[in-house]
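Asks: sequence plus the predicted model coming up.
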There are 2 protein chains.
Amino acid sequence: MQHKNKRAHTRRRFIKNAAVLAASPAMIGQHPAAPRQQVIHHVFFWLKNPDAEADKKELIAGLKTLKAVPQVRQLLIGTPASTVKREVVDNSFQVSELMYFNSTKDQDDYQVHPLHKAFVEKCSHLWERVVVYDMITDSTV
Amino acid sequence: MQHKNKRAHTRRRFIKNAAVLAASPAMIGQHPAAPRQQVIHHVFFWLKNPDAEADKKELIAGLKTLKAVPQVRQLLIGTPASTVKREVVDNSFQVSELMYFNSTKDQDDYQVHPLHKAFVEKCSHLWERVVVYDMITDSTV
């Protein structure tokens, strides 16, 4: 590489890095603004003993182990929010898990990952019903 | 403010900004790692004419207008992902909206915001059924 080219390369890299840094503060505390497609896997659990706090804690502890599955980009675990009651709102579940994947293949691979299988084996006795929604995000949003 | 204090203030601000910039690149393309609580509002729409692409597009265009509601921290819009079929997966919806709020109050305020009301007025003729799940994230995850 010629000296001049090297300098141009360094300058381009500097400009690129500067752009990244300049763009970054707006990202803090926000979800990515980038409209790239992602697969969102949202699972709702209805427990056999809906009032048993110990069962809820056990399920949440089990769900946390799924973070270690390499395909899982991000995991959020929640319980019903006490938003204003409306007919269309289903707040009858006890626990919910929200996962982000890069592709449908990653979600499919996650299903058969040993850590996910171990979770199902260990925790499935806790729930009576599970509903799963898998959505792929619109890349224009 | 004394000159010395002003300089110290400027230096502190510089250090603070530098820390923010240093922390930022890791955040790009990721959801926030911070475990602060957030309210996630996930809505599933079943259209009156599930095969009408024009209706789907109209609903998605309407949903995009909700981004402008100040309480909405982030909006994702999606359609069913073609993940492996399983009995627990409900992929019968046509369109889904996923919103992030800082609190249950913000979600409640969003419901009565003029832009949300206008969306419902303009688009509700398109859907036959809506199911909403509001969850509050576990701050320990």
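Replies: Nice, thanks for sending it over.

Asks: what about A:Lys122, which helix or strand?
Replies: helix A:114-123 (DSSP states H and E).

Asks: can you list the neighbours in contact with that helix?
Replies: Applying CB atoms under 8 Å, 6 or more residues apart in numbering or on different chains, the external contacts of helix A:114-123 come out as A:Glu58, A:Leu59, A:Gly62, A:Leu63, A:Thr65, A:Leu66, A:Ala68, A:Val69, A:Tyr110. In this view, the C-beta of every residue, glycine as well, is placed from N, C-alpha and C.

Asks: and of those residues, the nearest to A:His42?
Replies: Among the contacts of helix A:114-123, A:Leu63 lies closest to A:His42 (CB to CB), at 12.6 Å.

Asks: next SSE after the strand or helix carrying A:Leu63?
Replies: Using DSSP H and E, A:Leu63 sits within helix A:53-64. Next helix or strand after helix A:53-64 toward the C-terminus (DSSP H and E): strand A:74-80.

Asks: tell me where chain A has strands.
Replies: For chain A, applying DSSP state E gives strands covering A:39-47, A:74-80, A:95-101, A:127-137.

Asks: how about the helix holding A:Leu63: buried residues?
Replies: A:Asp55, A:Lys56, A:Glu58, A:Leu59, A:Ile60, A:Gly62, A:Leu63, A:Lys64 (16 or more other CB atoms under 10 Å in any protein chain shown).

Asks: now, which of these lie close to chain B?
Replies: Residues of the buried residues of helix A:53-64 in contact with chain B (CB under 8 Å from any CB of the partner chain): A:Ile60, A:Lys64.

Asks: tell me the bridge partners for the nearest residue to A:Val131 once chain neighbours are set aside.
Replies: Spatially, and ignoring its direct neighbours in sequence, A:Val131 is nearest to A:Phe44 (4.8 Å; CB to CB, 6 or more residues apart in numbering or on different chains). Using DSSP bridges, the beta-bridge partners of A:Phe44 come out as A:Ser96, A:Val131.

Asks: how many other residues sit next to A:Phe44?
Replies: Residues near A:Phe44, counting by other CB atoms under 10 Å in any protein chain shown, number 25.

Asks: excluding sequence neighbours, find me the nearest residue to the most centrally placed residue in chain A.
Replies: Computing the C-alpha centroid of chain A and ranking residues by CA atoms, centre = their mean puts A:Met99 first, at 2.7 Å. Of all residues not flanking A:Met99 in the chain, A:His41 sits nearest, at 4.3 Å (CB to CB, 6+ apart).

Asks: mind splitting chain A into its structural domains?
Replies: Annotated domains of chain A cover A:1-34, A:39-136 [automatic domain parsing].

Asks: out of the helices and strands in chain A, which is least certain?
Replies: helix A:3-23 (a mean of 49; mean pLDDT, DSSP states H and E).

Asks: check A:Arg36 and give its pLDDT.
Replies: A:Arg36 carries a pLDDT value of 77.

Asks: where does chain A dip in pLDDT?
Replies: A:1-35, A:140-141 (pLDDT under 70).

Asks: hmm, 90 instead?
Replies: Scanning chain A with the threshold set as pLDDT under 90 gives A:1-37, A:138-141.

Asks: mind listing what A:Val112 touches?
Replies: So A:Val112 contacts nothing (CB under 8 Å, 6+ apart).

Asks: residues near A:Val69, how many?
Replies: Counted with other CB under 10 Å, A:Val69 comes out at 19.

Asks: separation between it and chain B?
Replies: As judged by CB to the nearest CB, to the nearest Å, A:Val69 and chain B stand 14 Å apart.

Asks: next one: phi and psi at that residue?
Replies: Dihedral pair for A:Val69: phi -70, psi 120, per degrees, to the nearest 10.

Asks: just the strands of chain A: most buried one?
Replies: Highest mean neighbour count among the strands of chain A (mean count of other CB atoms under 10 Å in any protein chain shown): strand A:95-101, with a mean of 24.

Asks: contacts for that one next, please.
Replies: Contacts for strand A:95-101 (CB under 8 Å, 6+ apart): A:38-45, A:47, A:56, A:59-60, A:63, A:66, A:71-80, A:107, A:110, B:31, B:40, B:42, B:133, B:135.

Asks: one more time with 6 Å, if that's ok
Replies: Contacts with strand A:95-101, where a contact means CB atoms under 6 Å, 6 or more residues apart in numbering or on different chains, come from A:38-39, A:41-45, A:59, A:63, A:71-78, A:107, B:135.

Asks: could you do stretch A:56-74 as well?
Replies: Stretch A:56-74 has contacts (CB under 6 Å, 6+ apart) with A:75, A:77, A:94-95, A:97, A:99-101, A:106, A:109-110, A:113, A:115, A:119, A:122-123, A:126, B:31.
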